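In: Here you go, sequence then predicted model.
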There are 2 protein chains.
Amino acid sequence: MSARKTPARWLARLRPVGVIRSILKSRKNAPRQGTEGAPDAWLEVLPWAAKGLHRMTVGDEIIVITWLHRARRNVLRVRPRSDPRNPLTGVFLTRSPDRPNPLGLHPVVVRAIQGNRLHIEPIDAIDGTPVLDIKPVLKDRQVR
Amino acid sequence: MSARKTPARWLARLRPVGVIRSILKSRKNAPRQGTEGAPDAWLEVLPWAAKGLHRMTVGDEIIVITWLHRARRNVLRVRPRSDPRNPLTGVFLTRSPDRPNPLGLHPVVVRAIQGNRLHIEPIDAIDGTPVLDIKPVLKDRQVR
């Protein structure tokens, strides 16, 4: 498979490493960004992936990457914040959940750790949202 | 399908929206972070997804999300920066490309736009890396 042909032929499968547990049960009630009054929530890492948390500590700043499983994938332009006064804008310039690959990026702080469960805040993802990856927030010149 | 059972049963397919074109041809030559001397590169958005760029302008700060297709997916702990003096650390506390879902996050600046091609810098992804999503960097209180 040549590099030139990679994108058209290529198809990858995602395997969730965890799931969000939250009192938010539907998109309708979800705030548009985590900073807009999102409730606390738990990230349950699946047992097989729990070793990936090794050395995590309370207070760590992380980026949780989710799959926004309720999103529509055939959307390329939206009116930001669903406001009809906003101009049609490409989804790649917005944080709309509706997009070809509905990945969510959630910067959060780890408030508590109980085994393979992380208490995180704030996060605007609904209950049952699959978690694909967790990454550290990189501070100036800090690279791990 | 109950929310409780979502992660175990759930499997999503990714569809690349673009590809990185770079003079970096292999992982061996890639810098460990984009700030460490990464070369300029182009992001080619596939024609079907080009509408998602509508209203993008030169100077925009974006986060490119890639699939690090050369990574190993069965790795849960690493010694950061492949340095044997570093302690074994869960991959979720590192930016190692080797992880269960090898997603790459690349904050870059759009330096030029030619049709569906974005000249971006700096980015440490190798040539042929599939691009899954593009998001705006959110500034203080700015939400789109």
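Out: On my side now, so go ahead. Numbering: from 1, shown residues only, chains lettered A, B, ... in the order given.
In: for chain A, what helix or strand is lowest in average pLDDT?
Out: Within chain A, no helix or strand scores below helix A:6-9, which has a mean of 47 by mean pLDDT, DSSP states H and E.
In: Other residues contacting the strand ranked longest in chain A?
Out: As assigned by DSSP state E, the longest strand anywhere in chain A is strand A:103-114. For strand A:103-114, contacts defined as Cβ atoms under 8 Å, 6 or more residues apart in numbering or on different chains pick out A:34, A:40, A:53, A:56-68, A:97, A:118-125, A:129, A:132, A:137, B:63, B:65, B:103, B:105, B:132-133, B:135. (Each C-beta comes from the backbone N, C-alpha and C, glycine too.)
In: Whichever of those residues end up buried, select them in PyMOL.
Out: Those of those that count as buried under 16 or more other Cβ atoms under 10 Å in any protein chain shown are selected in PyMOL with:
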select buried, (chain A and resi 34+53+56+60+62+63+64+65+66+67+68+97+118+119+120+122+123+124+125+129+132) or (chain B and resi 63+65+103+105+132+133+135)
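In: that older thread, model confidence over the next helix or strand after the longest strand of chain A, on average?
Out: Where DSSP states H and E defines the elements, the next helix or strand beyond strand A:103-114 is strand A:117-121. For strand A:117-121, mean pLDDT rounds to 96.
In: go on, stretch A:128-138?
Out: Stretch A:128-138 comes out at a mean pLDDT of 95.
In: just stretch A:20-27 next, same as before
Out: 86.
In: tell me which residues of that stretch are tucked away?
Out: Quick answer for stretch A:20-27 (16+ other Cβ under 10 Å): A:20-22, A:24.
In: Give me the contacts around it.
Out: If you take Cβ under 8 Å, 6+ apart as the criterion, stretch A:20-27 is touched by A:30, A:38-39, A:41-44, A:64, A:66, A:70, A:97, A:123-131.
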